[in-house]
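Colleague: Let me see the structure of the following:
(chains A, B, C and D)
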Protein chains: 2
Amino acid sequence: MNIIISNSSETPIYEQIKQAIKKAIASNELKENEVLPSIRNLAQNLRISVMTVKKSYDELEQEGFIKTVQGKGSYVAPQNLELIKEEQIKQIEKHIEKIVTISQYAGIGKDEIIELFDYFYGEQY
Amino acid sequence: MNIIISNSSETPIYEQIKQAIKKAIASNELKENEVLPSIRNLAQNLRISVMTVKKSYDELEQEGFIKTVQGKGSYVAPQNLELIKEEQIKQIEKHIEKIVTISQYAGIGKDEIIELFDYFYGEQY
DNA sequence: CTAACTGTTATATTTAATATATAACAGCAT
DNA sequence: ATGCTGTTATATATTAAATATAACAGTTAG
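Modeller: Reported below is the predicted structural model:
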């Protein structure tokens, strides 16, 4: 798994780690019951504190994405693909809500948005 | 102009004020050269510090949305409707980019997104 | 059992962003 | 002159984020 963190980003490091792991699970790069990097190892690789990684893992566990066993390590929780997909859709919905709000008070038409959307969607291929 | 700020929001107060004013300008509620509330007055109404409001106004001026004259007050800068619309579109683009990224690694199809979009867009009427 | 990994807990500290309070200063207008 | 405007400087408080360190505890391979 390839986690890249930015020191200067406005999003906290522990949040960047969380997102990277969720993304890896969502894209099936990390499969069910697969072992995650140990917090000590990941901290060393990213050159950050163990506590920062632990915070990420703690929250991921609380949200149901991983399971941690003392002495063994952390694993991708089973049956969470649906969980993640739901969360991703919720995230998408939030973005859409903001887009609709902005477009309305700024007088930007739906057509214009759809054009932008087509543009960005097509660009990826 | 109706500015509502939340003390418990994750977005800073000065940022909430900036967004509210930008929104008011974008929706033409505040017109070109119109006077904004004085920083002292707004601070009193919102029951926050003068310095917090000043920070909002300073950044709004730096971004070209308003003009401030010592002793007189702050005014909506002229010819900024286009400026704002551009900024709004940039914001929308950022949201779209995130949506596309998420949908790609999470295996959510374009159709599904369009459906969500139609739903949220239609809901507003 | 021991060594070398895992995670856990507690404590102390640092840094930066946010927000406040206060006061003195300066410009504008009636 | 009075009473509005904004400006500047200083000091302070609070909180989130991140770090460092050390001692503790579970797991596993040899």
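
Colleague: Would you mind measuring from A:Ser8 to DNA strand C?
Modeller: The gap separating A:Ser8 from DNA strand C is 9 Å, by CB to the nearest atom of the strand, to the nearest Å. Backbone N, C-alpha and C define where each C-beta goes, glycine included.

Colleague: What number of residues are in the vicinity of that residue?
Modeller: By other CB atoms under 10 Å in any protein chain shown, 4 other residues sit near A:Ser8.

Colleague: go on, A:Lys67?
Modeller: Neighbours around A:Lys67, by other CB under 10 Å: 17.

Colleague: close to DNA strand C, is the host helix or strand of it?
Modeller: According to DSSP states H and E, A:Lys67 maps onto strand A:66-69. Yes: residues of strand A:66-69 contacting DNA strand C under CB under 7 Å from any atom of the strand: A:Thr68, A:Val69.

Colleague: List the strands paired with that strand, with their directions.
Modeller: With DSSP bridges as the test, strand A:66-69 is paired with strand A:73-76 (antiparallel).

Colleague: Show me what the mean pLDDT comes to for the strand holding A:Lys67.
Modeller: For strand A:66-69, mean pLDDT is 96.

Colleague: now what about it, what contacts it?
Modeller: For strand A:66-69, contacts defined as CB atoms under 8 Å, 6 or more residues apart in numbering or on different chains pick out A:Ile21, A:Leu36, A:Tyr57, A:Asp58, A:Leu60, A:Glu61, A:Ser74, A:Tyr75, A:Val76, A:Ala77.

Colleague: Apply 6 Å and report the result again.
Modeller: With contacts defined as CB atoms under 6 Å, 6 or more residues apart in numbering or on different chains, strand A:66-69 is touched by A:Leu60, A:Glu61, A:Ser74, A:Tyr75, A:Val76, A:Ala77.

Colleague: from chain A, which residue is nearest to DNA strand C?
Modeller: A:Ser38 (3.0 Å; CB to the nearest atom of the strand).

Colleague: quick one: least confident helix or strand in chain A?
Modeller: When each helix and strand of chain A is scored by mean pLDDT, DSSP states H and E, helix A:110-123 comes last, with a mean of 85.

Colleague: Mind listing what's buried along that one?
Modeller: The neighbour-count check on helix A:110-123 (16 or more other CB atoms under 10 Å in any protein chain shown) flags A:Ile113, A:Leu116, A:Phe117, A:Phe120, A:Tyr121 as buried.
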